[in-house]
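A.B. asks: here is the input, now give the coordinates:
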Amino acid sequence: AMHSQRQWEIAAWLESAAAKGLEVQGWCALDDEELVSLDPALGGGDFNARFQHMFEGRHIKTPSNVGLTDKHVVAAIEALDCPYNSSVSGTDDAAPQQEGEGGGGGGRK
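C.D. replies: The predicted model follows:
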């Protein structure tokens with residue numbers, strides 16, 4: 001069942017944090033939903049286009065039938081170590097590109 005777009009929820013939280021004067025130094029999204037790909041075959045779609053640039057390298061997909069693995073933890077640490085530019089409308093070029101899977105649903109201040 002499709003619910004609200006997780007990618008948009010996370011982007012809205014980051015934007016509201018910046019508006020409240022909170023400095024988000026790093027973040028990543030661990031989720032079983034696809035938050036980067038535009039390909040419906042991968043669980044993505046056009047709905048991911050809006051904030052795709054923010055989630056590349058910060059999105060670690062954790063398949064629901066597998067859960068969180070050591071590989072996901074390593075990818076999350078790498079994403080959290082990458083400085084975040086809090087400009088939601090801008091690009092986040094500092095994020096490393098993660099090979100393999102993506103996903104979303106968490107943050108760190």
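A.B. asks: need phi/psi at residue 31.
C.D. replies: Residue 31 adopts backbone torsions of phi -160, psi 160, taken as degrees, to the nearest 10.
A.B. asks: should've said residue 59
C.D. replies: Residue torsions, per degrees, to the nearest 10, at residue 59 are phi -110, psi 120.
A.B. asks: for the helix ranked longest in the chain, name the packing helices and strands.
C.D. replies: Criterion DSSP state H: the longest helix present in the chain is helix 6-19. Helices and strands touching helix 6-19, as assessed by 3 or more Cβ pairs under 8 Å, 6 or more residues apart in numbering; DSSP states H and E, comprise strand 29-31, helix 52-55. (Each C-beta comes from the backbone N, C-alpha and C, glycine too.)
A.B. asks: can you put the ones you listed in CSV and add mean pLDDT and distance to residue 62?
C.D. replies: Formatted as CSV, the helices and strands packed on helix 6-19 follow (pLDDT from 0 to 100; distance: least, Cβ to Cβ, whole Å):
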stretch, mean pLDDT, distance to residue 62
strand 29-31, 96, 5
helix 52-55, 94, 14
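A.B. asks: out of these, which one sits most buried?
C.D. replies: A comparison of the helices and strands packed on helix 6-19 by mean neighbour count, using mean count of other Cβ atoms under 10 Å, puts strand 29-31 on top with a mean of 22.
A.B. asks: and that one, which strands flank it?
C.D. replies: Looking at strand 29-31 with DSSP bridges, its partner strands are strand 59-61 (parallel).
A.B. asks: average pLDDT across the strand it pairs with?
C.D. replies: Strand 59-61 shows an average pLDDT of 97 in the prediction.
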